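1. need a 3D model of the following:
(3 chains)
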Amino acid sequence: MAVTVGELAELLGADAAGDLHAIVSRPAQPDEAREGDLALAMEPRFLDALATSPARVAIVLSGTDWSALGLDAVLFSGRSKYTLAGLSRVFDTQPSLPEGIHPTAVVDDTATLGEGCRIGPYVVIGPQVAIGARARIEAHVSIGARSVVGDDAQIFAGCRIAHDVRIGDRFIGQSNAVIGGDGFSFVSPQPSAAETYMATGSIEQSMKVTEYVRINSLGGVVIGDDVEVGPAATIDKGTVTDTRIGNGTKLDSQAHVGHNVQIGENVLLCGQSGIAGSTKIGDRVILGGQVGVADNISIGADSIALAGSGVTTRVPERTVVMGYPALKQDVFLNIFKAMRRLPRMAQKLTEMQKQVPNDRDTG
Amino acid sequence: MAVTVGELAELLGADAAGDLHAIVSRPAQPDEAREGDLALAMEPRFLDALATSPARVAIVLSGTDWSALGLDAVLFSGRSKYTLAGLSRVFDTQPSLPEGIHPTAVVDDTATLGEGCRIGPYVVIGPQVAIGARARIEAHVSIGARSVVGDDAQIFAGCRIAHDVRIGDRFIGQSNAVIGGDGFSFVSPQPSAAETYMATGSIEQSMKVTEYVRINSLGGVVIGDDVEVGPAATIDKGTVTDTRIGNGTKLDSQAHVGHNVQIGENVLLCGQSGIAGSTKIGDRVILGGQVGVADNISIGADSIALAGSGVTTRVPERTVVMGYPALKQDVFLNIFKAMRRLPRMAQKLTEMQKQVPNDRDTG
Amino acid sequence: MAVTVGELAELLGADAAGDLHAIVSRPAQPDEAREGDLALAMEPRFLDALATSPARVAIVLSGTDWSALGLDAVLFSGRSKYTLAGLSRVFDTQPSLPEGIHPTAVVDDTATLGEGCRIGPYVVIGPQVAIGARARIEAHVSIGARSVVGDDAQIFAGCRIAHDVRIGDRFIGQSNAVIGGDGFSFVSPQPSAAETYMATGSIEQSMKVTEYVRINSLGGVVIGDDVEVGPAATIDKGTVTDTRIGNGTKLDSQAHVGHNVQIGENVLLCGQSGIAGSTKIGDRVILGGQVGVADNISIGADSIALAGSGVTTRVPERTVVMGYPALKQDVFLNIFKAMRRLPRMAQKLTEMQKQVPNDRDTG
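-> Numbering: from 1, shown residues only, chains lettered A, B, ... in the order given. Sure thing, here's the model as predicted:
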């Protein structure tokens, strides 16, 4: 991919200066850039590296004085990550799948594929499946009976979509993600240790589960438009109603969404975060990496659970929580600061006790 | 699936009243139920929704007065989740695999398949594998040499069963689960940082592992009857002996069982929980979501580790633990309550110190 | 596999005594050993079990007096886990793939395979891929365009290697691992709740992300020699530069490495640990099970994060940390000890307050 500075400025909607006919072939960090690369120096700390970089063209923050940087041309970025998103589209390196349906793909006669679909080797598409236009489906993907996927889907190798899953447009399913596994829902003829304990506060020796009976998942999974599901992430079917994920929501690698969970729009679930059954997550919520959310609770819109938190109770809107069990961030940080002084506090207290006349034996 | 109220009562072993010839086609939440559905109102909070539901038949808790609910018929449930399990069997929506072995399946000549097996496209079954009767094996499943799977197995797309895995009857393996990966076991010719630290309490600059040597897994995995392994869950092989999972045990999505681990019967491992190598888990133990259990310890029968706990030491029988490192629940909660008051305690202490004459400088 | 004691001593570089022509067929724990097995009694606690074991040959720690153990022959081990590694190579049970390329494998015309590669059924290898000599690649593996894998690779069923991944020699990729998924990197045209909160300390009701724009991954993944990636582990591509993993580093099951992460040599990432984007991990670092490491920080060489830790700030070299947020281990343990006494401290403090005359109302 080779593009002139002028063309790139137009593609990005960015300003440019210098030789607009200079050609760049890929973006690179200033310390890794070669001649012909576009050096990314949108953070001031990268400007120094430009001096020694063989790159002749760079992209810098708007307002940067580039006259002393020894470059042939510059592009100007207002919001660096946003510009990076634009650059990553222009220079995308993703190889294209061959057109059409690979002869080894097993597509059921009752399935329908939209115009311009590209289907890779050994893909298996079940009965009554409907795939929208221009889908790119890589090797070894399987899609179960009656599932629906909208237009412009991109589904990577080994991604699993079970039966009765309904997905909107522009879906991205990463490799080995599993959408529509059965919910984890079992019941014992007699109350289990957990049930007994919650009801009575103790676990009786006599109460023993002798078997679990499975509650099959009758519900499906419903996913909105512009959703991405990361590598090896898992989304379970609902028990009676559907598990739902709203428009624009993104799941990172190994995120997990339990049965019946209802997730709003533009939610971010970072890596290895997990949501237990029947919980509701509001719009624009962010769960940091490895966050766990208990079952049957809710997190209000615009709230954030910082990485590593274990959320066990309802979180209101626009609230930042952390810790386990998770507390509001300022409350947690106050406690954490006090904890760090705790060993010294304990010592102080012991010393004071010696000095205060005490009429009771506190043993 | 359409069934009369009378037939359904018989299938569930439940009582019914009203028009036993009324027909229902699927269960649904009262707020989502359409005419012809069976409204699920086994929790009192759902009774109100029945009034406005177009459903003419509902299932309610035994003893509920249904006369004012405006229904044609009701079924009565004693234990709601148990009834739900029964309903989920009657109305199961799972599509059936076509009979027989798909022509693209690669089944080794030395493998044996029981009567009535259904094998999907691109399944690969290795040498000397033995599969019991009526197995349903979906697309892209692989089963390695010498592995054994009992009767009535259901194995979903992309599930991996390595070589030398022995599994009992009625096994359910969800999509992309991996059973029989190699154990994570390495040794360095010289002691590693971890070994040095545990022996001496410090990490010497001079001690540097220059390579790790792999301990191959000679053991297999042995799994009892009625076990379910969730989507993307992983169970490693044993080093010398086998990793073992007892009858009736269920693993949720992304649960992990390390090498040599011995798990009892009717254990529940919730989502993203993990057990490190050589640990023993007693019968009927429950690990909540994201629980971690250290290596080489044990958890006694009927114990519960609540979600998010990190269990680092032996847990006796019938004990509920939480926290990291995990403590008995009541101990943890007492500490947690005190922690919440800690910033105020620290302030009090400082104030008291000012008032108590102090003959030492506590700096 | 049958081998004489004398041959085994030579293969292991170990000393032996007794009947060097005695034959053993597999290693086994003394309590599970049958006649003809090599009983593993390298830990003193296993010596007792030898008395009742039908095994006639054992391996014991150097210096053990074996005269009273009733054996025909013994081997002597200096470092037991190291010996176990040797034994596990000699007695490896792994079935061999058939020679050559399975007729169902789809190998692009422009891909190159080294001498002696064994490729299983339904493997898909993309354009311009280069695989070294003697690779063993199992069923359903996919390798994307332009990726490179060195000599002697072993890649298990369902492992996913995306496009533009470069891997060294002696690579082991376990089942359903995903190498080269896209990084989790999104930007909103307007600042998100997280950005607003970090900048201002509160989340304004008016600031609402209306969509996320994706930053595509232009970087690849670069992996050194002798690296192993566990079952269902995930390694994401870099954004502009490559995600890098050094020689000799091992990832356990379900470990996760985010985009742009730079990992040194001989690092161990235990089960379900995760590293967020752009973080640097020094040589010989060990992350215990379920450890999480925040984005954009670093962990110095030879440091250890104990299982369950959440590392949120930079860790220097040769440092052991634990807890969440992670602290140096001794600091954490001091605090934890004090926490366990906290409920009693609170009580003491209340009692003392009653005894100290107080001129202020502390309410």
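
2. ok, and what's touching the lowest-mean-pLDDT helix or strand in chain A?
-> Between all helices and strands in chain A, the lowest mean by mean pLDDT, DSSP states H and E belongs to helix A:193-200, at a mean of 76. With contacts defined as CB atoms under 8 Å, 6 or more residues apart in numbering or on different chains, helix A:193-200 is touched by A:191, A:202-204, A:207, A:209, B:284, B:286, B:302-304, B:318, B:320. Heads up, the C-betas are built off the backbone N, CA and C, glycines and all.

3. switch to 7 Å and redo it
-> A:203, A:204, A:207, B:284, B:286, B:302, B:304, B:320 (CB atoms under 7 Å, 6 or more residues apart in numbering or on different chains).

4. who does the last one bridge with?
-> When you say that, I think you mean residue B:320. Beta-bridge pairing for residue B:320 (DSSP bridges): residue B:304.

5. about what we covered before: buried among the contacts of helix A:193-200? Make that a ChimeraX selection.
-> In ChimeraX, this line selects whichever of the contacts of helix A:193-200 come out buried by 16 or more other CB atoms under 10 Å in any protein chain shown:
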select /A:203,207 /B:284,286,302,304,320
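
6. of all the contacts of helix A:193-200, which two lie farthest apart?
-> A:204 and B:286 (15.1 Å; CB to CB).

7. so for the closest residue to residue A:258 other than its chain neighbours, what's the pLDDT?
-> Of all residues beyond its chain neighbours, the one nearest residue A:258 is residue A:277 (4.1 Å), with distances taken as CB to CB, 6 or more residues apart in numbering or on different chains. Reported pLDDT at residue A:277 in the predicted model: 97.

8. returning to that earlier point: next step: the contacts of helix A:193-200 restricted to helices.
-> Here DSSP state H is the test, and the contacts of helix A:193-200 give no hits in helices at all.

9. so residue A:333 lies in a strand, does it not?
-> No. Read with DSSP: H, G, I helix; E, B strand; the rest coil, residue A:333 is helix and lies in no strand.

10. so which bits of whichever helix in chain A runs longest are buried?
-> Among the segments of chain A that qualify as a helix by DSSP H, the longest is helix A:342-355. Within helix A:342-355, the residues scored as buried using 16+ other CB under 10 Å are A:342, A:343, A:345, A:346, A:348, A:349, A:352.

11. next: stretch A:280-300.
-> So for stretch A:280-300, counting by 16+ other CB under 10 Å, buried means A:280-295, A:297-300.

12. immediately after the helix or strand containing residue A:16, which helix or strand?
-> When elements are assigned from DSSP states H and E, residue A:16 belongs to strand A:15-18. Note on strand A:15-18: by DSSP H and E, the next helix or strand toward the C-terminus is strand A:23-24.

13. can you map out the helices along chain A?
-> Counting by DSSP H, one finds helices in chain A at the ranges A:5-12, A:47-52, A:80-90, A:193-200, A:329-340, A:342-355.

14. which one of those has the most crowded surroundings?
-> helix A:80-90 (a mean of 20; mean count of other CB atoms under 10 Å in any protein chain shown).

15. mind listing what the residue nearest to residue A:258 touches?
-> A:183, A:258, A:259, A:260, A:261, A:295.

16. the last one contacts residue A:274, correct?
-> Which is residue A:295. No. Under the criterion of CB atoms under 7 Å, residue A:295 is not in contact with residue A:274, lying 10.7 Å apart.

17. shared neighbours, these two?
-> By CB under 7 Å, 6+ apart, no residue touches both residue A:295 and residue A:274.

18. mind listing the residues bridging to the nearest residue to residue A:275 once chain neighbours are set aside?
-> Nearest residue to residue A:275 in three dimensions, chain neighbours excluded: residue A:293, at 4.6 Å (CB to CB, 6+ apart). Counting by DSSP bridges, residue A:293 is bridged to residue A:275, residue A:311.
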